[in-house]
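1. Below are the sequence and a predicted model; questions follow.
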Amino acid sequence: MEKRKYTQVQALLPEIKAMLTAGKTQREVAEHYGFQDKQVVKSLLKRERRKERKSEAGILPRPKGRPRKDAVPRDIVAEQAYEIQQLRMENKLLRDFLRFTGRK
């Protein structure tokens, strides 16, 4: 087969695992799919084992990139409680200022 420059190896993972359990070597799998060398298969399996270890440990996968401003649904109750607290503090400050200036 002709060697490719790039392949979505993640999509081939179930087939690669099946071939490996059938007794083929990583080199034979790489040659079958036309990868550059066995390192492609080896690194794919290494990434998958790392993901499995993290999921077993309870570590959630983090999204890539910068999050959007409105993408994450926030805890509305906590936000409202914080805003109420801020408004009460502001009202108290304004009342104290008015008493200090003698207006009320």
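-> Sure thing, it's come through. Numbering: from 1, shown residues only.
2. ok now the helix or strand of the chain with the lowest mean pLDDT, how far from the chain's centre?
-> Ranked by mean pLDDT, DSSP states H and E, the helix or strand of the chain with the weakest confidence is helix 76-101, at a mean of 92. Relative to the chain's own centre, helix 76-101 is displaced by 37 Å; criterion: C-alpha atoms, centre = their mean, to the nearest Å.
3. In terms of residue numbering, what are the domains of this structure?
-> Domain assignment for the chain by automatic domain parsing gives 9-57, 73-104.
4. which of those is buried the deepest?
-> domain 9-57 (a mean of 14; mean count of other C-beta atoms under 10 Å). Using the backbone N, CA and C atoms, a C-beta is placed for each residue, glycine as well.
5. end-to-end on that one?
-> End-to-end distance for domain 9-57, by C-alpha to C-alpha, to the nearest Å: 25 Å.
6. ok now it, how far from the chain's centre?
-> Counting by C-alpha atoms, centre = their mean, domain 9-57 comes out at 22 Å from the chain centroid.
7. Average pLDDT for whatever helix or strand Pro14 lives in, rounded please.
-> In the assignment (DSSP states H and E), Pro14 maps to helix 13-21. For helix 13-21, the mean pLDDT works out to 95.
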